[in-house]
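Novice: Predicted model and sequence below, questions to follow.
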Amino acid sequence: MKKKVLAVVLAAMTAATLAACGSSTDTATSTAAEASTETAAASEAASGESAEVAGASTDANTLTVWTWDPKFNIYAMQEAEKFYQKDHPDFKLNIVEIQSDDIETKITTAASANDYSILPDIFLMQDNSYQKYLTYYPEVFLDLTDSGIDFSKFASGKLAYSTMDGKHYGVPFDNGAVICAYRTDYLEQAGLTVDDFTDITWDQFIENGKKVKDATGNAMLNSQAGSPDLIMMMLQSAGASMFNEDGSVNIKDNDVLKVCMDYYQKMVEAGVLVEVTDWDQYIAGIQGGSAACACNGCWIIGSITAAEDLSGKWAITNMPKLDGVDGATNYSNNGGSSWAITTNSQNQDLAIDFMKTIWAGDPDFYADILPSSGALSTWLPAAESDIYGEPQEFFGGDAIYTKITDFASKVPTNITGPYYYDARDAVGVALSNIIQSGADVQTELDTAQETVEFNMGG
């Protein structure tokens with residue numbers, strides 16, 4: 001009964017817990033299906049409830065996959081099918097386009113009804129949701145620890161999201177390693193180069209940022225008002241978390257979090273960081289030139305390169321680190337997802353072999369999907385592919401894909417837990433009050449902790 005109550009609560013929470021880069025709010029029907037792939041689009045029924053979608057396959061050579069984004073995740077799955085078919089010609093995927101929040105809702109619904117038969121063979125889940133669903137519904141996820149997949153070849157920071165109690169319940173996919181991309185023409189006007197922003201601290205970033213602002217009139221960064229994304233990236237870069245190992249909340253007495261808040265305030269006060277109202281303005285600042293730097297998960301590259309007229313005027317390096325903080329690094333993560341195999345699958349051996357052979361074993365596959373999707377792998381051997389080492393003209397001829405894969409290998413792990421989004425949102429409210437209203441940092445963090453503890457039931 002307790003699990004059913006939790007399921008109802010989680011169903012209500014799910015709608016509010018989308019990551020910025022995780023999924024669209026649209027339920028568009030895919031038109032990108034390959035002839036060998038039957039792609040079913042998720043839609044909403046007239047009643048407002050999710051329409052019935054395909055569950056696990058009953059055909060011995062077919063797997064049903066739930067995922068989203070035709071140009072990224074679905075495309076990658078379609079290519080993975082082709083690669084596996086080279087040695088398994090009868091193999092087929094039934095790919096269902098279904099948004100991230102709908103996948104989470106369906107898992108919750110299945111658990112509340114104690115009926116997992118509606119679930120597919122494989123589904124994609126946002127990394128920051130993984131611990132929540134592993135905690136409450138471990139019976140959904142097939143334990144892959146002894147599957148033969150070599151998990152040591154994935155970036156440890158990424159792998160931690162789908163790992164619980166030393167056991168592996170997912171196969172990592174896309175790389176959310178944080179990059180800082182700089183307008184080199186702006187840096188040049190200030191007498192600087194990208195080397196002046198490599199392996200630096202946030203103090204150095206602020207001082208250099210002032211020089212750029214004086215020379216160009218442009219801020220270094222822009223950020224959505226009230227969004228804690230940059231704070232979260234800073235926090236993980238030092239291996240710090242909003243939760244303790246025992247699951248208790250770690251906000252009000254979190255010294256590293258306070259340092260992050262302090263740096264954010266300093267950047268705003270110095271005019272090095274300018275807040276904008278929404279995501280569209282954030283992207284417009286990057287593409288339009290009002291921001292000299294974009295610091296985010298590497299998926300932001302797609303938005304940067306969309307401004308084709310700026311080719312050759314960008315360079316990528318690592319992010320600044322927190323000065324004077326034990327464990328501080330120049331590496332972090334923001335966004336990304338991992339594949340899960342369900343216990344409901346009737347073809348578990350096939351699903352495991354498919355994931356092991358392609359997603360955890362084929363560098364040619366990752367080289368194939370990179371140019372069209374920009375999907376950077378967290379499977380480290382993928383970086384050995386020639387295409388990862390190819391110079392990218394847009395970024396001054398730098399081999400950015402090899403560089404970013406190296407960044408991913410150095411990202412510290414952190415603790416997300418089942419209430420990660422509650423904590424993230426609470427910190428976002430605190431940040432907004434601090435920046436917009438001048439509220440006291442400690443008071444706001446105290447309130448944030450109380451909010452999360454209340455949501456946790458005490």
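Specialist: Now that the structure is in, tell me what you want to look at. Bear in mind that the values here come from a model prediction, so they are computed numbers and not experimental data.

Novice: Can you name the next helix or strand after the longest helix along the chain?
Specialist: Ranked by residue count under DSSP state H, the longest helix found in the chain is helix 420-437. Going down the chain from helix 420-437, the next helix or strand is helix 441-455, by DSSP states H and E.

Novice: tell me the pLDDT at residue 433?
Specialist: As predicted, residue 433 sits at a pLDDT of 97.

Novice: What's the separation between the residue lying closest to it once chain neighbours are set aside and residue 241?
Specialist: Excluding the flanking residues, the one nearest residue 433 by Cβ to Cβ, 6 or more residues apart in numbering is residue 439, at 4.0 Å. Every residue, glycine included, has its C-beta placed from N, CA and C. Noted for residue 439: a distance of 23 Å to residue 241, by Cβ to Cβ, to the nearest Å.

Novice: Mind checking which of these two has more residues around it?
Specialist: Between residue 439 and residue 241, counted using other Cβ atoms under 10 Å, the more crowded position is residue 241 (22 against 15).

Novice: Give me the three-state assignment for the residue most central in space within the chain.
Specialist: Centroid check for the chain by Cα atoms, centre = their mean gives residue 335 as the closest residue, at 1.2 Å. Of the three states, residue 335 takes coil under DSSP: H, G, I helix; E, B strand; the rest coil.

Novice: Pretty sure it sits against residue 297.
Specialist: Yes. Shown here, residue 335 and residue 297 form a contact pair, counting by Cβ atoms under 8 Å, at 4.1 Å.

Novice: all strands of the stretch 101-250 of the chain, in order?
Specialist: With DSSP state E, counting those that start in this stretch, the ranges of strands along the stretch 101-250 of the chain come out as 122-126, 163-164, 167-168, 171-172, 178-183, 221-224.

Novice: For the ones you listed, state which one has the densest average packing.
Specialist: For the strands of the stretch 101-250 of the chain, the largest average neighbour count (mean count of other Cβ atoms under 10 Å) is found in strand 171-172, namely a mean of 28.

Novice: nearest spatial neighbour of residue 346, skipping sequence neighbours?
Specialist: In space, residue 346 is closest to residue 56, 5.8 Å off (Cβ to Cβ, 6+ apart).

Novice: re earlier: per-residue confidence for the residue nearest to the centre of the chain?
Specialist: The model reports residue 335 with a pLDDT of 85.

Novice: How much space separates it from residue 414?
Specialist: For residue 335, the distance to residue 414 - Cβ to Cβ - is 14 Å.

Novice: is it true that residue 282 touches residue 221?
Specialist: No. Here residue 282 lies out of contact with residue 221, judged by Cβ under 8 Å, at a distance of 9.9 Å.

Novice: now the stretch 51-200 of the chain, which segments are flagged as low pLDDT?
Specialist: Scanning the stretch 51-200 of the chain with the threshold set as pLDDT under 70 gives 51-52.

Novice: again, only this time at 90
Specialist: When residues are selected by pLDDT under 90, those of the stretch 51-200 of the chain lie in 51-54, 69-72, 128, 132, 155-158, 160-161, 175-176.

Novice: Can you show me the helices along it?
Specialist: With DSSP state H, counting those that start in this stretch, the ranges of helices along the stretch 51-200 of the chain come out as 75-85, 100-113, 127-136, 156-159, 184-189.

Novice: For residue 271, find the nearest of those helices.
Specialist: Closest to residue 271 of those is helix 184-189 (Cβ to Cβ; 14.5 Å).

Novice: buried sites along that closest one?
Specialist: Judged by neighbour count using 16 or more other Cβ atoms under 10 Å, the buried positions of helix 184-189 are 184, 186-187, 189.

Novice: Among those, which one sits closest to residue 349?
Specialist: Nearest to residue 349, judged by Cβ to Cβ, of the buried residues of helix 184-189 is residue 184 at 50.9 Å.

Novice: Apart from its neighbours in sequence, what residue is nearest the closest one?
Specialist: Of all residues not flanking residue 184 in the chain, residue 315 sits nearest, at 5.0 Å (Cβ to Cβ, 6+ apart).

Novice: Neighbouring strands - and their directions - for whichever strand or helix holds the one you found?
Specialist: Assigned by DSSP H and E, residue 315 belongs to strand 314-317. Here strand 314-317 is paired, per DSSP bridges, with strand 178-183 (antiparallel).

Novice: how many other residues sit next to residue 195?
Specialist: Quick note: residue 195 (other Cβ under 10 Å) scores 11 neighbours.

Novice: before we move on, what about residue 228?
Specialist: If we define neighbours as other Cβ under 10 Å, then residue 228 has 26 of them.

Novice: Quick check: pLDDT value at it.
Specialist: Looking at residue 228, the pLDDT reads 96.

Novice: Could you verify that residue 326 is part of a strand?
Specialist: No. Read with three-state DSSP, residue 326 is coil and lies in no strand.

Novice: so where's the stretch 251-400 of the chain uncertain?
Specialist: For the stretch 251-400 of the chain, the ranges with pLDDT under 90 are 299, 302-303, 305-306, 335-336, 371-378, 380, 382-385, 388-389.

Novice: list the contacts for residue 264?
Specialist: Applying Cβ atoms under 8 Å, 6 or more residues apart in numbering to residue 264 gives the contacts 230-231, 234, 273, 431, 435.

Novice: now with 7 Å?
Specialist: By Cβ atoms under 7 Å, 6 or more residues apart in numbering, the contact list for residue 264 reads 230-231, 431.

Novice: likewise residue 132?
Specialist: Taking Cβ under 7 Å, 6+ apart as the test, what residue 132 contacts is 418, 420.

Novice: same check, this time on residue 157
Specialist: 333, 411-413.

Novice: Out of the residues you listed, grab the one that's most surrounded.
Specialist: residue 333 (29 neighbours).

Novice: My guess is that one contacts residue 179. True?
Specialist: No. Look at residue 333 against residue 179 with Cβ atoms under 7 Å: they stay out of range, at 10.8 Å.

Novice: how much space between the residue nearest to the centre of the chain and residue 280?
Specialist: On the measure of Cβ to Cβ, residue 335 and residue 280 end up 18 Å apart.

Novice: For stretch 151-159, output the C-alpha coordinates as PDB.
Specialist: Extracted in PDB, the C-alpha atoms of stretch 151-159 (Å, rounded to 0.1, in the frame of the first residue of the first chain):
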ATOM      1  CA  PHE A 151      31.200  -0.900 -17.100                       C
ATOM      2  CA  SER A 152      34.800   0.100 -16.400                       C
ATOM      3  CA  LYS A 153      34.900   1.500 -19.900                       C
ATOM      4  CA  PHE A 154      32.300   4.200 -19.200                       C
ATOM      5  CA  ALA A 155      33.100   7.500 -17.500                       C
ATOM      6  CA  SER A 156      32.700   7.000 -13.800                       C
ATOM      7  CA  GLY A 157      30.800  10.200 -13.200                       C
ATOM      8  CA  LYS A 158      28.200   9.200 -15.800                       C
ATOM      9  CA  LEU A 159      28.000   5.600 -14.600                       C
END
